[in-house]
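*Asks:* return a 3D structure for these sequence lines:
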Amino acid sequence: MKRQTIRIFIEVIAGIILSFSLNYILIYFGYAHIQSNNLSTYTVRVLNLPIYKIITHNNKIVGIPYNNNMALVGIVTSMILIIVIETITLIFEKRRSND
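*Replies:* Reported below is the predicted structural model:
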């Protein structure tokens, strides 16, 4: 049981890192989009959930994070990663025990 606990802990950390990377990349492309198209406002979304709003104010680009939504994306990403990896692990353990 201890091995599974460690594995789940690593999966949660990996999910947070994956979520952080996803948010970072999407926000980066949001800034690129607002600059290239000369927009006054742009909202970065993940599955239609706003995570970051970019506004042009006095020729400066300002970002407003939606921290609760970013945290929700992180939690969901971690949960999906845990379910996928634990399912794969279960399948491999069943195959190993059948051999």
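*Asks:* can you list the buried residues in the longest strand along the chain?
*Replies:* Determined from DSSP state E, the single longest strand within the chain is strand 49-57. By neighbour count on 16 or more other CB atoms under 10 Å, the buried set for strand 49-57 is 51-54. C-beta coordinates here come from the backbone N, C-alpha and C atoms, glycine included.
*Asks:* partners of the helix or strand following that strand, with directions?
*Replies:* From strand 49-57 onward toward the C-terminus, using DSSP states H and E, the following helix or strand is strand 60-65. Paired strands of strand 60-65, with direction, are strand 49-57 (antiparallel) (DSSP bridges).
*Asks:* send over the partner strand as PDB, restricted to the C-alpha atoms.
*Replies:* What follows is strand 49-57, C-alpha atoms only, in PDB (Å, rounded to 0.1, in the frame of the first residue of the first chain):
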ATOM      1  CA  LEU A  49     -13.400  28.100 -18.400                       C
ATOM      2  CA  PRO A  50     -11.700  31.500 -18.200                       C
ATOM      3  CA  ILE A  51      -8.300  31.300 -16.600                       C
ATOM      4  CA  TYR A  52      -6.700  34.600 -17.600                       C
ATOM      5  CA  LYS A  53      -7.900  38.000 -19.000                       C
ATOM      6  CA  ILE A  54      -5.500  40.200 -21.000                       C
ATOM      7  CA  ILE A  55      -6.300  43.800 -21.300                       C
ATOM      8  CA  THR A  56      -4.700  46.600 -23.300                       C
ATOM      9  CA  HIS A  57      -4.800  49.800 -21.100                       C
END
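*Asks:* so what does Asn59 look like in phi/psi?
*Replies:* Asn59 has phi and psi values of phi 60, psi 20 when expressed as degrees, to the nearest 10.
*Asks:* before we move on, what about the one 10 residues further on?
*Replies:* Backbone torsions of Asn69, given as degrees, to the nearest 10, read phi -70, psi -40.
*Asks:* same check on Ser19?
*Replies:* The phi/psi pair for Ser19 (degrees, to the nearest 10) is phi -60, psi -40.
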